[in-house]
Structure formats: structure tokens, C-alpha cells
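> sharing a model that was predicted from the sequence below.
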Amino acid sequence: MAELAFSANDLAKVRFAVSPMWEVAPSFRLLMSTTAHPVHRPWVEQVRPRVLAAGLERGWLAELIGPSGYVPDFLTPAPGQPAPAPAAEWDAIRATPADRVRQDLDHLDRHQGYLGPRLFGLRADPPAGLARLTQEIETYWESALAPYWARIRAVLDADVFHRARTVAEHGAGHLFNDLHASVSWDDDALTLARRKRDMPRHRAGTGLLLIPSAFTGPGLRTRMRPPDPPQLAYPARGVGALWEKRPATGAGALSPVLGRSRTLLLTELETPASTTELARRTGLSPAAVSQYLTALRGAGLVSAHRAGRSVLYARTGAAETLLAASCS
């Protein structure tokens, strides 16, 4: 059991953030696991072949993120904004001081008993190694998470909205007590059950950064690295329904507005897909699919993501909102 004490100043600096990098590490660990996941299995089945085809199971992330336990703190820099762009977090990783990188790698070495060959190079020359690492993270992001980010982000944003309303209606104490079964608030301190390492306030920055995550569950993950505020990543509400198929019974109402073929493509993008795959599913010619996708992308309803030699198309948050409104 560990406790994190709070002063009035600390409590005033509690905030939420949605962090792309807090999804990268646990999602990669899940992909590398041989155990079927009850919630994320549809995502794993779609993404794992692309990740393996890119050789990422033999890369930097594979050496940094083991099957369990410690993940180097420099992979999860403290978000400076409520929802930083992925590139902003990659910039923060590249800006990690060399001595901090080496400290994290030494801790990883003690935890798992070895460092892979890439990590020896990273320890010797952190700036060069971090540049190559973030290139791989970008490749992983575009293949595994970016095509699904609109859907994931909707769940994370809904969680933050729910927690903010809880604070407004019941206060911060109720927020903490409702956050996770292992978290409780009492006597100006946050208590985390089943956490082995202590959390003394003098070894942490001020405040607390709460980060909902789609992939970190069912447990909690913490990061204590002053002068940054301590970070607490917890399973977001609604993750259980993240990959459930959504009804498109009302999508026909969009056809007079978008056209039948464009509407058909939007409904087919329940799962991100390439032009060739969409042509096979819909019976449209690849040239027609490409033309319609260009129009949808120009309207902000579709995004494109490089995955190896293919380009995956995915619905944006605006498209999800539009389809949900047509079905209501």
C-alpha cells in the first residue's frame, strides 16, 4: 500500500489529460502477448498482422516494453496540455535529458536482468537513439492506433467529462474514491492498494495528473518523476464496449446528402481498411473508391494512415458524430 499526501496547493493542481503515449506502451504489450484479451481481441486480430509485417516485434519497443513490469518513464512524458498531439509527445521524448534516459535504462536492467543491443546503443548516445526510437513509435502509431484514434478518443473524452461532472456534483474526494477499486481518499492523502513502491510527496512534483486509458486496465500505472506532477493512468469507463459494432440502420438518411456510395464507404469503415479492401467489400471499382475517399477526406470525414505499403482509411470523429446523429 502507498500513500500520496496532498496539500491545498496539490489539490488545486489536479488535472486530467488524454495522452497518446500512455496508449502506446500498454497496447504494444498487449499485441505481443499470447493471451487472448476479452475486450481488445477484435483490435488485436486486425493490428497484429500489420505490426508483425513491419518487424516491430524485433525493434526498439520490443526491447523497452517487456511482457510485464516496469516501462521506462521517458516513454510517458507528462502531457503539457489536456490532449497533446502525438508529435508533441514524441518531441518530449526526444528532449529527455541523457542522464534521465540512462537512469531509466539502469532501472529497466535491474528489473528484467538484461538490456537488448539497441538499448546499449541508446544508453551510449541517448539523442541519436531517441531519434530512431520515435521514428519507430510513429510507425507503430500510424499502423496500430491512429486509424482507431477517433473511436478511442471518444471513450477517453467521455470518461474525463464524467469525472469532471463528478467533481462538480460531489467533490474531489468522491472522484478519487470512484476512480478505481484500489484507490481511496482519506485524511488529505490518496491511498493506492497493492502498490509496492512508496509515493512520498517530497519525491514528486506538485498536484496530480489523471490519465484515462483504453489499454492500461484492469490495474493502474503510475509515474513519479519530479519536477513533473505524479501521473496516474487508470482504465477509462466504457472500454468494454470500445470495439462493439455500431448500428448503421439510420445511415440511409445520409445518402441524399452524401450520396449512396460515399455513405456506403463510411459505414464500411467501421473497421479501417485500404482502398483495395473497400473495393472488395462494396463492389465499387478501386478508382471509384479512391475518388470517393478523396472527397470524404477533403470534407474531414475520413483520415488516411500509412501502414507498411498500404494506406488505411478510417472514420474521423466528425464522421462518427454524423453517423450517430443519423441513427438517432
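Thanks, I have the structure now. Residues are numbered from 1 along each chain as shown.

> any idea which helix or strand carries the residue in the chain sticking out farthest from the centre?
Centroid-distance maximum for the chain: residue 256 at 35.9 Å, with C-alpha atoms, centre = their mean. With elements taken from DSSP states H and E, the one containing residue 256 is helix 255-258.

> for that helix, buried residues please.
residue 258 (16 or more other C-beta atoms under 10 Å). Backbone N, C-alpha and C define where each C-beta goes, glycine included.

> where do the strands sit along the stretch 101-250 of the chain?
Here the stretch 101-250 of the chain has its strands, by DSSP state E, counting those that start in this stretch, at 183-186, 189-192, 208-213, 221-223, 231-235.

> and those strands as JSON lines, adding mean pLDDT?
Below are the strands of the stretch 101-250 of the chain laid out as JSON lines (pLDDT from 0 to 100):
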{"stretch": "strand 183-186", "mean pLDDT": "88"}
{"stretch": "strand 189-192", "mean pLDDT": "87"}
{"stretch": "strand 208-213", "mean pLDDT": "95"}
{"stretch": "strand 221-223", "mean pLDDT": "89"}
{"stretch": "strand 231-235", "mean pLDDT": "94"}
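
> would you format those as JSON lines with distance to residue 325 and mean neighbour count included?
Shown next, in JSON lines, are those (distance: least, C-beta to C-beta, whole Å; neighbours: other C-beta atoms under 10 Å):
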{"stretch": "strand 183-186", "distance to residue 325": "36", "mean neighbour count": "16"}
{"stretch": "strand 189-192", "distance to residue 325": "40", "mean neighbour count": "18"}
{"stretch": "strand 208-213", "distance to residue 325": "25", "mean neighbour count": "23"}
{"stretch": "strand 221-223", "distance to residue 325": "35", "mean neighbour count": "18"}
{"stretch": "strand 231-235", "distance to residue 325": "28", "mean neighbour count": "23"}
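
> residue 142: which of these is closest?
strand 208-213 (19.7 Å; C-beta to C-beta).

> where does the prediction get shaky in this structure?
Residue ranges of the chain with pLDDT under 70: 196, 246-252, 327-328.

> stretch 192-209: which residues count as buried?
By neighbour count on 16+ other C-beta under 10 Å, the buried set for stretch 192-209 is 192, 195, 199, 201, 204-209.

> please read the previous query as pertaining to stretch 299-318.
301-305, 307, 310, 312-317.

> what distance separates the start and the end of it?
9 Å (C-alpha to C-alpha, to the nearest Å).

> chain center to it: distance?
Distance, stretch centre to chain centre, for stretch 299-318: 17 Å (C-alpha atoms, centre = their mean, to the nearest Å).

> next one: stretch 136-143
On C-alpha atoms, centre = their mean, the centre of stretch 136-143 falls 12 Å from that of its chain.

> check what contacts it and list those residues.
20-21, 24, 28, 47, 50-51, 54, 56, 59-61, 86, 90, 93, 305-308, 312 (C-beta atoms under 8 Å, 6 or more residues apart in numbering).

> ok, now with 7 Å
Outside of stretch 136-143, the residues within contact range by C-beta atoms under 7 Å, 6 or more residues apart in numbering are 20, 24, 28, 50-51, 54, 56, 59-61, 86, 90, 305-307.

> likewise stretch 222-236?
Stretch 222-236 is contacted by residues 4, 13, 22, 73, 76, 78, 155-156, 159, 179-180, 195, 199, 203-214, 216-218, 220-221 when judged by C-beta under 7 Å, 6+ apart.

> now it - C-alpha only, CSV.
Extracted as CSV, the C-alpha positions of stretch 222-236 are listed here (Å, rounded to 0.1, in the frame of the first residue of the first chain):
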residue,chain,number,x,y,z
THR,A,222,1.9,5.3,-12.0
ARG,A,223,4.8,7.6,-12.9
MET,A,224,6.8,9.5,-10.3
ARG,A,225,9.4,11.7,-11.9
PRO,A,226,9.9,15.2,-10.4
PRO,A,227,9.6,18.0,-11.2
ASP,A,228,6.7,16.6,-13.2
PRO,A,229,3.5,16.0,-11.4
PRO,A,230,2.9,12.4,-10.5
GLN,A,231,0.8,10.6,-13.1
LEU,A,232,-1.9,8.0,-12.5
ALA,A,233,-3.2,6.1,-15.5
TYR,A,234,-6.4,4.2,-14.9
PRO,A,235,-8.9,2.2,-17.0
ALA,A,236,-11.4,4.5,-18.7
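
> would you check that residue 96 makes contact with residue 127?
No. Using C-beta atoms under 7 Å, residue 96 makes no contact with residue 127, being 9.2 Å away.

> compare those two (neighbour count), which wins?
Taking neighbours as other C-beta atoms under 10 Å, residue 96 and residue 127 compare with residue 96 leading, 18 against 12.

> can you tell me how far that one sits from residue 158?
31 Å (C-beta to C-beta, to the nearest Å).

> ok, residue 59 next?
33 Å.

> look at the two and report which has more neighbours.
residue 59 (21 against 14).

> quick one: that one and residue 175, what's the gap?
Taking C-beta to C-beta, one finds residue 59 at 39 Å from residue 175.

> could you do residue 157 as well?
Distance from residue 157 to residue 175, by C-beta to C-beta: 17 Å.

> of those two, give the one with the bigger neighbour count.
Shown here are residue 157 and residue 175; by other C-beta under 10 Å, residue 175 has more neighbours (22 against 17).
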